[in-house]
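Novice: sequence first, then the predicted structure:
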Amino acid sequence: IALDITGLKRAQAELRESERRHRELFEGSLAGVFSTTVEGEILACNDACARLFGLPSAEEAKKHSAWEGYFDLDARRAFLDALRASGSVNGHEMAVRRLDGATLWILVTAKLEKDERGRLVVSGTLVDITERRLAEKALRESEACFQAFLARVPGVVFIRDAEGRYVYVNEAWEALSGLPSQEVLGKTPADLFPHETALRILEEDARTLAGRVQVWEEEPEEVGGRTRYFSCSKFPLPCGEGRPPRVAGISVDITDRKSAQESLRAFVDHIPGPAFLRDAEGRYVYVNEAWEGLMKLDRKDVLGKTPGDLFPPELAEPIEAEDRSAREGRHLEWQEEAQEFDGQIRFFSCSKFPLGAVPGEIPFVGGISVDVTDRRRALDALRESERYFRSRPRGSRIAAWASDQSRPGADRAELERRWHEFEHKYA
C-alpha cells in the first residue's frame, strides 16, 4: 500500500518553521516573556526576563519561585485576583524585587488560562519601566519644589497657557485679587475681569507669546485702603518641544521703595544748591529743583540726555572729563570760576563723586554745587576793608581801634585812656 503523505510532510515542516520562529521571537525579545503557575512555579521565561530580575539565564530563573520577586505577597495575590476577575491584564504597573534586593518597576501584560494538564497558568510579557518611574518621581518632586518656591516668592505670580487659561496662581495673587485659586484655574482673564482690563491683559499676552519679555511699573492701585505700586514683568515660559509656550508673570510690591525714593527726592530737592546724578553713559537720571532753577531747564527735558545734548562743546567737554575722573574713584572739589547767570556774576563751591559703585560695574556720578556768591562778596568786602585799614597812618588806625565806631564816646578822658591802651598794645 502506498500513501501520499506529501501534505503531512509539508505541514510538519511548516510547524517546525513556526516553532523556530516562535522560539527566536521568545528568546530574542527585548521584553521579558514568562509563564508561571499561580502557585509561583516558573514554567518558562526568556533570558531577558531573567536578566531583569538579576539572574544570569532563563535556566537559572527556573530554580526560583515567582513569589520571590515580590516585596509584599499581597501584591501578587492582588495581581492574581485581577487576572481571575477579567482573565487578563494590560499595562499593569507594579514594583517587584530583583535578586539583589533592588526595586524594579515593571509594566505587565498577561492572561490567565489552563494548560494541557489543567493547571492555571499566567503567561505574558513585562517591560522594565524603572527609569520612567524614577523620572516621573523626580518630576513630581521638582514640580512640588517649584510650587513651594513660587508660593513663597515675595510677589504676585501667575502662569497662563497659550489659550489664556490660568494654570497657576500663588497665594499672593489670591490675596491681591481676592479670588481663591479653585475659582481661577482653567479660566481666562475675560472670565474674571472687566472687558477693558481683560483685553489689555490678553494683548500683553500675545506680545509675550511672540517672544517679547515685558517689564513695566503698574499704575497705582488701591489695596486695603492704601495706594500701592507694583513692578511687573511677563515672559514666555517654554513647555517642551512641540508644545506652545505659556505666559508667566511676576509683580513685586515696590510701594516702600517708591516711598523711600520720593522721600529721598524731596530731601535732595531741599538741598540749598543744584544737585544732579548721571549714569554710566553720562545721561542725567536726576536733577533737583535748584538745578532746574539755575539752568532754566525743566527736568523732563533733561532726564535721559547728556551734557553734550544740553550744552555747547566748550561747557560739555570739561564736564565729561570731570565725570571720567569721578568714575575712576576720585572725589573732586573746586571753586567754580565765576559764571554769569541772570545778568550777574555768581560763584559756586562744587563737588563730584562716584556713587553706587558695584564691583565690575561703572558707577554713577553725583554732583552738588553750593552758591557761595554772598560769602565770596563778604570775604572780598572784608579784604578790601582790611586793605584800606592797613593803608591808613598808624595814628588813624589806633584811633579806629580806640573809638566805638557805632556810638558816641562817654567823654574825652575815656577816649584818651583807650588811645594809650591800644598804643601800648600795638607798639
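Specialist: Everything's here; your move.
Novice: pull out the buried positions in the helix or strand containing Ser231.
Specialist: Using DSSP states H and E, Ser231 falls within strand 230-237. Within strand 230-237, the residues that qualify as buried by neighbour count (16 or more other CB atoms under 10 Å) are Phe230, Ser231, Cys232, Lys234, Phe235, Pro236, Leu237. In this view, the C-beta of every residue, glycine as well, is placed from N, C-alpha and C.
Novice: which residues does Ile319 contact?
Specialist: Contact analysis of Ile319 by CB atoms under 8 Å, 6 or more residues apart in numbering lists Pro307, Phe311.
Novice: do the same with Gly69
Specialist: Phe53, Val96, Arg97.
Novice: any idea of the pLDDT on the first one?
Specialist: So the one you mean is Phe53. Phe53 is assigned 91 on the pLDDT scale.
Novice: how many residues are close by the closest residue to it other than its chain neighbours?
Specialist: Leaving out its chain neighbours, the residue that sits closest to Phe53 by CB to CB, 6 or more residues apart in numbering is Arg98, at 5.4 Å. By other CB atoms under 10 Å, 15 other residues sit near Arg98.
Novice: check which element follows the lowest-mean-pLDDT helix or strand in the chain along the chain.
Specialist: Across the helices and strands of the chain, mean confidence by mean pLDDT, DSSP states H and E is lowest for helix 6-28: a mean of 58. As assigned by DSSP H and E, the chain's next helix or strand after helix 6-28 is strand 32-37.
Novice: so which elements touch that following strand?
Specialist: Counting contacts by 3 or more CB pairs under 8 Å, 6 or more residues apart in numbering; DSSP states H and E, strand 32-37 is packed against strand 42-45, helix 47-52, strand 120-128.
Novice: what do you get if the cut-off is 10 Å, keeping everything else the same?
Specialist: Helices and strands touching strand 32-37, as assessed by 3 or more CB pairs under 10 Å, 6 or more residues apart in numbering; DSSP states H and E, comprise helix 6-28, strand 42-45, helix 47-52, helix 58-61, strand 103-114, strand 120-128.
Novice: quickly list what the residue minimising distance to the centre of the chain is bridged to.
Specialist: Centroid-nearest residue in the chain: Ile250, 8.7 Å away (criterion: CA atoms, centre = their mean). Counting by DSSP bridges, Ile250 is bridged to Val157, Ser233.
Novice: tell me where the stretch 151-300 of the chain has strands.
Specialist: If DSSP state E, counting those that start in this stretch is used as the criterion, the strands of the stretch 151-300 of the chain fall at 156-160, 166-169, 214-217, 221-223, 226-228, 230-237, 246-253, 275-278, 284-287.
Novice: which one of these has the poorest average confidence?
Specialist: strand 221-223 - the lowest mean pLDDT of the strands of the stretch 151-300 of the chain, at a mean of 69.
Novice: report pLDDT for the nearest residue to Ala290 once chain neighbours are set aside.
Specialist: Distances taken as CB to CB, 6+ apart put Pro274 closest to Ala290, at 4.7 Å, once the chain neighbours are dropped. Note for Pro274: predicted pLDDT of 90.
Novice: so how far is Gly367 from Pro274?
Specialist: 8 Å (CB to CB, to the nearest Å).
Novice: shared neighbours of those two, anything?
Specialist: With contacts defined as CB atoms under 10 Å, 6 or more residues apart in numbering, the residues shared by Pro274 and Gly367 are Val287, Trp291, Cys350.
Novice: what is the burial count for the second one?
Specialist: Meaning Trp291. Neighbours around Trp291, by other CB under 10 Å: 23.
Novice: spatially nearest residue to it, not counting backbone neighbours?
Specialist: Of all residues not flanking Trp291 in the chain, Pro274 sits nearest, at 3.8 Å (CB to CB, 6+ apart).
Novice: isn't the one you found up against Ser351?
Specialist: No - with contact defined as CB atoms under 10 Å, Pro274 does not reach Ser351; the gap is 11.5 Å.
Novice: shared neighbours of these two, anything?
Specialist: Common contact partners of Pro274 and Ser351 (CB under 10 Å, 6+ apart): Gly367, Ile368, Ser369, Val370.
Novice: the third one pairs with what?
Specialist: What that stands for is Ser369. Cys350.
Novice: give the contact list for Ala66.
Specialist: 34, 36-43, 45, 53, 76, 96, 122.
Novice: any idea how far Glu116 lies from Ile42?
Specialist: Distance from Glu116 to Ile42, by CB to CB: 18 Å.
Novice: looking at the strands of the stretch 151-300 of the chain, which is nearest to Thr103?
Specialist: strand 166-169 (32.1 Å; CB to CB).
Novice: other SSEs contacting the closest one?
Specialist: Where contact means 3+ CB pairs under 10 Å, 6+ apart, strand 166-169 is packed against helix 130-152, strand 156-160, helix 171-177, helix 189-192, strand 246-253.
Novice: go ahead and name everything in contact with stretch 196-206.
Specialist: 160-164, 188-194, 212, 214, 216, 232, 234, 236, 246-247, 249.
Novice: relative to the whole chain's centre, how far out is that stretch?
Specialist: What separates the centre of stretch 196-206 from the centre of its chain is 23 Å, taken as CA atoms, centre = their mean, to the nearest Å.
Novice: check stretch 178-197 too.
Specialist: In terms of CA atoms, centre = their mean, the centre of stretch 178-197 is set 25 Å apart from its chain centre.
Novice: hang on, the earlier thing: more crowded one of Pro274 and Ser351?
Specialist: Neighbours were counted for Pro274 and for Ser351 using other CB under 10 Å; Pro274 has more, 21 against 14.
Novice: in which helix or strand would I find Ala95?
Specialist: Assigned by DSSP H and E, Ala95 falls in strand 88-97.
Novice: by how many degrees do that strand and strand 103-114 diverge?
Specialist: Using axes from the mean of the first three to the mean of the last three CA atoms, to 10 degrees, the inter-axis angle of strand 88-97 relative to strand 103-114 is 140 degrees.
Novice: in the protein, where is pLDDT below threshold?
Specialist: Applying pLDDT under 70 to the chain flags residues 1-29, 223-224, 337-343, 357-360, 389, 397, 400-402, 404-410, 426-427.
Novice: apply 50 and report the result again.
Specialist: Flagging of the chain using pLDDT under 50 yields the residue ranges 26.
Novice: circling back: pull out the buried members of the contacts of Ala66.
Specialist: Phe34, Thr36, Thr37, Val38, Gly40, Ile42, Cys45, Phe53, Arg76, Val96, Val122.
Novice: between those residues, which is nearest Glu336?
Specialist: Using CB to CB, the buried ones among the contacts of Ala66 come closest to Glu336 at Val96, 87.3 Å.
Novice: so the closest one touches Cys49, yeah?
Specialist: No - between Val96 and Cys49 there is no contact, the gap being 11.4 Å when judged by CB under 10 Å.
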